[in-house]
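>>> take a look and give me a structure for this.
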Amino acid sequence: MGNLFGSRECFRTCMILNITSRVIKLLIQLQPHEHVLVNSNSNETAERQTWIVISIPGLNDWAKESSSIPKDQMVTPAESNMKERSKRSLDETHDEPMDCSEPVKKKEKVVTNDCDAGPSQSQNSETPRIVSQDHILNFPIPNKNGKACIIKVYKEYPVKLNEVIDIVGFISLDPNLSEIHDSEEMANDPECQTHHPPASIVPRLHAIKILKENNPRIPEASSIFSKAASVRDDLRMVLSQLLFGDEIAADYMICHLISSVYLRKDCLSLGVYPLNITNFPKKYASFTKDLYEILKQIIAKSHLLDITLENLNDLNLVPKKDYECNRLTSGVLQLSKNTHLVLDETNLTTGEVSTFGRQNYGVITDLIQFQKLAYDFKFYTMEYETDIPVLILSEFKSFIPCPNRVVLRPDPETVNVYPQVLEAAKQFLKDETRLNDIRQYVNSLKNAKFDFAKETAKVIQDDFVRLRQADKSFSADNLHSLMVLSRLMSLSHGLNSLEPEMWKRSLEMEMERISRLPKRN
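You can find the predicted model right below:
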């Protein structure tokens with residue numbers, strides 16, 4: 001879900017007058033020699049909502065549903081529109097036009113050449129475009145084959161911004177939909193053109209059924225528990241080798257990959273497990289990209305963001321209200337639930353951070369700490385909840401506060417044969433059955449139900465007292481983080497409740513992680 005607009009009144013049924021025969025009839029289809037009797041008592045009105053939907057940002061190739069239509073028979077909306085136009089004669093009538101609205105990427109708002117306006121620009125009958133295609137599509141992150149669509153919804157349906165949904169309906173590619181039947185001044189207004197984009201670029205769809213996201217490739221978590229242990233072993237082996245032989249780091253990575261918010265209370269968001277991995281060998285400059293390419297094969301949605309000084313100072317990370325076009329301009333972090341964000345700090349250099357850069361720093365910090373984004377409406381901000389696991393890859397401790405830092409302890413032998421290890425990992429994941437098991441394992445466990453066993457509560461309480469006595473800085477926040485870790489460790493082993501043994505194992509793992517951190521003077 002890219003943008004939501006308010007409700008609008010429309011005709012459910014209306015009376016139509018044929019100006020040639022003077023016959024009045026009740027009809028939905030409007031012919032050229034007919035017009036609507038707006039004030040007829042027989043008209044029935046209803047409310048209609050307008051939504052803007054876009055292709056899921058960051059959706060990896062394997063997670064996209066395979067089409068049952070052969071590739072040579074597939075037609076894109078733009079192609080379909082052009083073909084349909086070529087079939088019609090000049091005096092052939094079109095379907096009823098539909099009013100519409102849409103989202104924006106304020107990168108290049110003004111059209112710089114004819115190509116920016118899209119295929120419909122060549123139609124002499126259409127309004128000349130003054131806004132660019134990037135502005136019209138409004139993708140938060142680049143998406144070469146991405147689509148946008150204006151959805152007309154005729155029934156009340158509770159939906160949240162950025163929610164992933166499936167929509168069934170009737171699509172329209174009528175070029176007349178981009179016509180602005182108003183004064184020339186209005187026709188050249190950026191808001192009008194933004195809300196009436198060419199149908200060849202942004203088709204219209206009248207929804208008849210709306211469903212919650214349902215990816216057939218990701219089964220229920222309960223069906224994964226029986227084979228979780230063996231699948232985990234395969235995944236742990238791959239990750240530990242990619243992390244230069246560090247098995248503890250692989251355990252933390254698995255916990256991070258299956259993490260998702262399961263509880264919100266006040267400012268607290270429990271479930272996600274942000275991770276900062278440091279101390280990887282400098283000799284392999286491609287390590288961060290190599291690791292991300294492997295992760296893309298496993299997780300359904302992800303995005304790699306290079307944290308450079310330029311990006312920090314210039315990127316629009318949060319959506320902003322564009323009052324000139326009366327629309328929310330997307331930001332890089334406008335991502336759907338369970339989209340993994342990988343931050344690569346290896347190219348970050350010293351320099352001056354601008355005021356906007358400091359704001360972006362605060363945005364990322366709040367995302368990690370609270371799983372919230374404050375959308376910018378210029379005169380005020382509005383917070384929206386997120387569920388975005390964040391992985392930070394940096395040579396040293398990240399400049400972005402992250403509660404869980406893992407300092408790698410590379411195995412010298414593994415480091416020396418890293419190129420061969422990377423190739424072996426790729427070959428290992430070419431086994432389709434093995435790879436599908438790992439994908440289902442990682443993406444299903446995010447939504448698994450979990451209970452904290454009562455017999456474990458006393459053990460946790462005793463350990464908390466002991467840890468507090470040993471270190472006065474050990475706080476309730478540390479305990480919360482440890483409980484999240486133990487929950488994720490349990491789920492990763494196919495357990496849907498926390499047993500004392502897994503709690504102890506998670507505690508030992510955390511003590512090992514902490515022992516690797518540089519000691520403060």
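
>>> where in the stretch 101-250 of the chain is pLDDT low?
101-129, 176-188, 215-216 (pLDDT under 70).

>>> for the chain, same thing?
1-31, 33-38, 43, 46, 65-129, 176-188, 215-216, 521.

>>> break it down into its domains, please.
Domains of the chain are assigned by automatic domain parsing as 3-212, 226-448.

>>> please identify the most buried of the ones you listed.
A comparison of the domains of the chain by mean neighbour count, using mean count of other Cβ atoms under 10 Å, puts domain 226-448 on top with a mean of 18. For glycine as for every other residue, the C-beta is placed from the backbone atoms N, C-alpha and C.

>>> just the CA trace of stretch 407-421, in PDB.
Provided in PDB are the C-alpha atoms of stretch 407-421 (Å, rounded to 0.1, in the frame of the first residue of the first chain):
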ATOM      1  CA  VAL A 407      32.700  -8.900  17.100                       C
ATOM      2  CA  LEU A 408      33.800 -11.600  14.700                       C
ATOM      3  CA  ARG A 409      36.600 -14.000  15.600                       C
ATOM      4  CA  PRO A 410      37.800 -15.100  12.100                       C
ATOM      5  CA  ASP A 411      39.400 -18.400  11.700                       C
ATOM      6  CA  PRO A 412      42.700 -17.900   9.800                       C
ATOM      7  CA  GLU A 413      42.300 -21.000   7.600                       C
ATOM      8  CA  THR A 414      38.700 -20.000   6.600                       C
ATOM      9  CA  VAL A 415      39.900 -16.400   5.900                       C
ATOM     10  CA  ASN A 416      42.600 -17.700   3.500                       C
ATOM     11  CA  VAL A 417      40.200 -19.700   1.500                       C
ATOM     12  CA  TYR A 418      37.300 -17.200   1.600                       C
ATOM     13  CA  PRO A 419      36.800 -17.100  -2.200                       C
ATOM     14  CA  GLN A 420      36.400 -20.900  -2.300                       C
ATOM     15  CA  VAL A 421      34.100 -20.800   0.700                       C
END
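
>>> and the contacts of that stretch?
Surrounding stretch 407-421, the residues in contact under the criterion Cβ atoms under 8 Å, 6 or more residues apart in numbering are 241-246, 248-249, 277-281, 283-284, 287, 516-518.

>>> who does V390 bridge with?
Beta-bridge pairing for V390 (DSSP bridges): L341.

>>> so what's it up against?
For V390, the contacting residues are V272, P274, L275, H340, L341, V342, L343, I364, L367, I368, C402, by Cβ under 8 Å, 6+ apart.

>>> at 6 Å instead, please
Contact analysis of V390 by Cβ atoms under 6 Å, 6 or more residues apart in numbering lists P274, L341, I368.

>>> circling back: which one, of the domains of the chain, ends up nearest to S497?
Smallest distance to S497 across the domains of the chain (Cβ to Cβ): 11.0 Å, for domain 226-448.

>>> could you report the distance from A470 to T288?
A470 sits 36 Å away from T288, going by Cβ to Cβ, to the nearest Å.

>>> A448 too?
Distance, A448 to T288, by Cβ to Cβ: 29 Å.

>>> how about S132?
32 Å.

>>> now swap in R516 and tell me
20 Å.

>>> what do you get for L341?
For L341, the distance to T288 equals 13 Å [Cβ to Cβ].

>>> same thing with L243?
If you go by Cβ to Cβ, the gap between L243 and T288 works out to 12 Å.

>>> again with V202
35 Å.

>>> got it, and E213?
29 Å.

>>> do N276 as well
13 Å.

>>> let me see the ranges of the helices in the stretch 301-450 of the chain.
For the stretch 301-450 of the chain, the helices defined by DSSP state H, counting those that start in this stretch cover 309-314, 355-370, 412-416, 418-428, 432-444.

>>> helices or strands up against the longest one?
With contacts defined as 3 or more Cβ pairs under 6 Å, 6 or more residues apart in numbering; DSSP states H and E, the packing partners of helix 355-370 are helix 309-314.

>>> which other residues reach the helix it packs on?
T349, G351, S354, F356, G357, N360.

>>> and which of these is nearest I150?
For these, the nearest to I150 is N360 (30.6 Å; Cβ to Cβ).

>>> for that closest one, give me its contacts.
Here N360 is in contact with L312, L317 (Cβ under 6 Å, 6+ apart).

>>> distance check, it against L161.
Computed with Cβ to Cβ, the distance linking N360 and L161 is 21 Å.

>>> burial count for M502?
Look at M502: counted by other Cβ atoms under 10 Å, it has 20 neighbours.

>>> quick one: the closest residue to it other than its chain neighbours and F474, what's the gap?
Nearest non-adjacent residue to M502, counting by Cβ to Cβ, 6 or more residues apart in numbering: S490, 4.8 Å away. According to Cβ to Cβ, S490 and F474 sit 22 Å apart.
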